[in-house]
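Asker: Next comes the sequence, and after it the predicted model I'd like to discuss.
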Amino acid sequence: MNHTPRTRTVAGCTLLVIALGAGGTACSSGGSPLTDKPYDATDQLSFNGLSEDGKKADPDKPLEVTADDDRITDVTATDAAGRSVTGELSADGSRWHSTTPLAANAHYTVRVSTEDEDGAPGRKVLSFDTSKPTTKKRLGVTFGPESGTYGVGQPITAKLDKPVKDKAQRAIVERALRVDAVPAVQGAWHWVDDKELHYRPKEYWPAHTTVQVHSNLEGVKIGDRLWGAKSKPLKLTIGDSIVALTDAASHSLTVYKNGEDIKEMPVTTGKPGFETRNGVKVVLGKEYFVRMRSATVGIAEGSADSYDLPVYYATRLTWSGEYVHAAPWSVGSQGYANVSHGCTGMSTANAEWFFNHVHEGDVVKVVNSGGDTMEPFGNGFGDWNLSWKNWRTGSALVAGTPDAPTAAQRARLRPESV
C-alpha cells in the first residue's frame with residue numbers, strides 16, 4: 001500500500017475529534033518504531049467536529065478517533081500530570097472513543113497506532129489543550145424524609161442527583177452533609193450506593209430530639225467538572241420512643257413507650273416456609289385498608305397457600321409487603337401458633353390500637369423467628385441491623401473504608417443486638 005500523503009479536508013495537525021468541541025493547539029508526529037519504522041498515519045485517520053481556529057478543546061466533550069482503510073490497534077491519551085483517559089476500541093479497529101472525562105485546563109498527548117491490510121504499522125502523535133468547562137455540572141442533594149415528626153428509629157436519607165464513585169469525592173460530599181441534633185448524638189453517614197447515603201445515630205434517637213440537616217456543598221468543587229449545588233435543608237422532630245417487640249416463639253407483641261411496657265397482645269407470625277424476618281424494622285407508613293393477594297408475593301393462584309383478602313389497620317414494615325395488621329381469620333391461633341404468610345396478625349381491636357399508637361419511624365423488632373434477618377437496605381429501613389462498627393465502615397470519612405459495601409458484603413455484616 002502507498003502511504004504518501006493524500007489531499008484531505010482535515011489538516012495533519014488537527015487529527016483529534018472532540019465531538020462538538022474545539023481543535024488542538026499543537027501537535028507533532030513521531031513515536032518509537034516497532035518491527036518496521038511506522039509510517040505517518042495522518043491520511044488514514046478521520047476526525048469529526050474539529051475546527052482549525054486554534055481554540056482549546058471542550059473537556060465536557062468525548063474524545064474520538066476513527067480510521068478509514070487502516071485498523072486502529074492502540075490509542076493512549078494522557079495529560080501532563082500523567083493521568084490516562086480510558087477508552088474503548090471497536091472490535092474491527094475502526095473507531096476508538098473515550099469512556100472517562102477529560103480534565104479542564106489540561107495539556108494532553110495522544111498516541112494512535114494503526115496497521116494496514118499488510119500489517120505495516122502506522123503512527124500518529126499529537127497534543128492539545130483543554131479549556132475551562134463550558135458548563136459546570138452541579139451535584140444536588142435531596143434529604144428525606146419530609147419535614148415532620150417521626151419515631152426514634154427514623155434514618156435520615158440523602159439522595160444525590162448524580163452518582164459519586166471516587167473515594168476522595170465521596171469524602172468531600174459526606175463532609176459537607178451536616179446533621180445537628182439537640183440533644184447531641186453520636187452518628188454517621190453510610191453510603192448505600194453511588195447515589196444514596198443514610199444517617200443514623202449509634203443508638204436510637206432520644207425521644208423529643210430536634211434534628212436539622214443541611215448541605216454545605218454549594219460552590220464546592222467535587223471533581224473536575226462537578227460542583228456542589230444548593231440543597232433544601234430539612235428539620236425533623238422525634239416523638240416519644242415507641243418500640244414494639246414481637247416474639248415469634250411466644251406469639252406475643254409488646255409495645256414500650258419511653259421504656260415503659262404499655263400493652264401486650266397475642267399475635268401470629270409467619271409459618272414454616274413463610275417465616276417473618278428477624279431483626280429491627282422501621283414503620284414506613286399506615287394504610288387503613290389493603291387488598292392482599294398472594295400472587296403479588298409469588299404464590300400461585302389456586303394453590304393451597306393462595307389468598308385474596310381485605311385487610312384493615314395495616315402498618316407497613318417493608319416495601320415487599322410485611323405488615324402488622326388485623327387478621328380476624330386467625331384469632332384462634334393468635335398467642336398459640338404461627339400461621340401467617342410472613343405478616344404479624346392480631347385481632348381487629350388490637351390492630352386498631354396498634355395502628356393508632358405507632359407512627360412512621362417507630363421501631364418494630366422481631367425475635368425468635370425462623371426467618372432471615374431483615375436486610376439493611378432496599379426493602380425499607382433495616383439500617384439498625386448493622387452493628388455500629390459495621391455501620392461506620394460505610395462512611396467515606398473512616399480511614400481505609402470509603403466505599404459503600406457491596407450486596408454480598410452487606411449480607412455478611414453482623415446484625416446488631418438492640
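Answerer: Sure thing, it's come through.

Asker: Tell me how far the spatially closest residue to residue 142 that is not a sequence neighbour lies from residue 196.
Answerer: Nearest in space to residue 142, with sequence neighbours left out and distances taken as Cβ to Cβ, 6 or more residues apart in numbering, is residue 159 at 4.8 Å. For glycine as for every other residue, the C-beta is placed from the backbone atoms N, C-alpha and C. In this view, residue 159 and residue 196 are 5 Å apart by Cβ to Cβ, to the nearest Å.

Asker: okay, the two: which has more neighbours?
Answerer: More neighbours surround residue 196 than the other of residue 159 and residue 196, with 17 against 13 (other Cβ atoms under 10 Å).

Asker: which residues does that one contact?
Answerer: By Cβ atoms under 8 Å, 6 or more residues apart in numbering, the residues touching residue 196 are 157, 158, 159, 160.

Asker: I figured the last one hits residue 141, correct?
Answerer: Yes - taking Cβ atoms under 8 Å as the definition, residue 160 is a contact partner of residue 141 at 5.9 Å.

Asker: any idea how far residue 92 lies from residue 72?
Answerer: To residue 72, residue 92 is 9 Å away according to Cβ to Cβ.

Asker: More neighbours: these two, which one.
Answerer: Legend: neighbour count by other Cβ under 10 Å for residue 92 and residue 72, higher for residue 72 (23 against 9).

Asker: And the helices in the stretch 301-418 of the chain?
Answerer: For the stretch 301-418 of the chain, applying DSSP state H, counting those that start in this stretch gives helices covering 348-357, 388-392, 407-412.

Asker: Going by neighbour count, which residues in the first one are buried?
Answerer: For helix 348-357, the neighbour count (16 or more other Cβ atoms under 10 Å) marks 350, 351, 353, 354, 355, 357 as buried.

Asker: now the shortest one
Answerer: Neighbour counts using 16+ other Cβ under 10 Å place 390, 391, 392 of helix 388-392 among the buried residues.

Asker: ok, now stretch 367-387?
Answerer: Across stretch 367-387, burial judged by 16+ other Cβ under 10 Å covers 369-371, 373-377, 379-387.

Asker: residue boundaries of the strands in the stretch 151-300 of the chain?
Answerer: Using DSSP state E, counting those that start in this stretch, the strands found in the stretch 151-300 of the chain span residues 156-160, 177-182, 187-193, 196-201, 210-215, 221-223, 226-228, 234-238, 242-247, 252-257, 260-266, 279-282, 285-293.

Asker: Same question for the stretch 1-150 of the chain.
Answerer: 17-18, 26-27, 39-40, 45-46, 63-67, 71-79, 87-89, 95-98, 107-115, 121-129, 137-139, 141-144, 148-150.

Asker: Those strands: lowest mean pLDDT?
Answerer: Among the strands of the stretch 1-150 of the chain, strand 26-27 has the lowest mean pLDDT, at a mean of 38.

Asker: now the strands of the stretch 1-150 of the chain in a markdown table, with distance to residue 325?
Answerer: Output for those, formatted as a markdown table (distance: least, Cβ to Cβ, whole Å):
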| stretch | distance to residue 325 |
| --- | --- |
| strand 17-18 | 60 |
| strand 26-27 | 72 |
| strand 39-40 | 77 |
| strand 45-46 | 66 |
| strand 63-67 | 57 |
| strand 71-79 | 60 |
| strand 87-89 | 52 |
| strand 95-98 | 54 |
| strand 107-115 | 62 |
| strand 121-129 | 65 |
| strand 137-139 | 41 |
| strand 141-144 | 25 |
| strand 148-150 | 21 |
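
Asker: Next one: the residue nearest to residue 86 when sequence neighbours are not counted relative to residue 84, how far apart?
Answerer: Closest residue in space to residue 86, ignoring its immediate chain neighbours: residue 100 at 4.4 Å, by Cβ to Cβ, 6+ apart. Residue 100 sits 8 Å away from residue 84, going by Cβ to Cβ.

Asker: So what sits opposite the closest residue in space to residue 106 that isn't next to it in sequence in the bridge?
Answerer: Computed as Cβ to Cβ, 6+ apart, the closest residue to residue 106 that is not its neighbour in sequence is residue 79, at 4.3 Å. Per DSSP bridges, residues listed as beta-bridge partners of residue 79: residue 108.

Asker: residues touching residue 79, list them.
Answerer: Residue 79 touches 85, 102, 103, 106, 107, 108, 109, counting by Cβ under 8 Å, 6+ apart.

Asker: can you rerun that using 6 Å?
Answerer: Applying Cβ atoms under 6 Å, 6 or more residues apart in numbering to residue 79 gives the contacts 103, 106, 108.

Asker: re the thing from before, who has more neighbours, residue 160 and residue 141?
Answerer: The neighbour count for residue 160 versus residue 141, taken as other Cβ under 10 Å, is higher for residue 141 (23 against 19).

Asker: Am I right that the more buried one is in contact with residue 157?
Answerer: No - counting by Cβ atoms under 6 Å, residue 141 does not reach residue 157; the two are 10.0 Å apart.

Asker: Low-confidence stretches in this protein?
Answerer: For the chain, the stretches with pLDDT under 70 are 1-36, 40-54, 101, 104, 133-135, 295, 297, 300, 302, 399-418.

Asker: let's see it at 50
Answerer: The chain contains residues with pLDDT under 50 at 1, 3-35, 48-51, 400-418.

Asker: Give the buried residues for stretch 132-141.
Answerer: Neighbour-count burial for stretch 132-141 flags 133, 137, 138, 139, 140, 141 (criterion: 16+ other Cβ under 10 Å).

Asker: Only alpha carbons, please: show that stretch as PDB.
Answerer: Taking Å, rounded to 0.1, in the frame of the first residue of the first chain, the C-alpha atoms of stretch 132-141 are listed here in PDB:
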ATOM      1  CA  LYS A 132     -12.300  25.600  31.200                       C
ATOM      2  CA  PRO A 133     -15.600  23.700  31.000                       C
ATOM      3  CA  THR A 134     -18.300  25.400  29.100                       C
ATOM      4  CA  THR A 135     -20.800  24.300  31.800                       C
ATOM      5  CA  LYS A 136     -20.400  23.100  35.300                       C
ATOM      6  CA  LYS A 137     -22.200  20.000  36.300                       C
ATOM      7  CA  ARG A 138     -24.000  20.600  39.700                       C
ATOM      8  CA  LEU A 139     -24.500  17.900  42.300                       C
ATOM      9  CA  GLY A 140     -27.700  18.400  44.200                       C
ATOM     10  CA  VAL A 141     -28.900  16.600  47.400                       C
END
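
Asker: that older thread, can I get the buried residues of helix 348-357 in JSON lines with distance to residue 190?
Answerer: Output for those, formatted as JSON lines (distance: Cβ to Cβ, whole Å):
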{"residue": "350", "distance to residue 190": "35"}
{"residue": "351", "distance to residue 190": "33"}
{"residue": "353", "distance to residue 190": "34"}
{"residue": "354", "distance to residue 190": "30"}
{"residue": "355", "distance to residue 190": "31"}
{"residue": "357", "distance to residue 190": "30"}
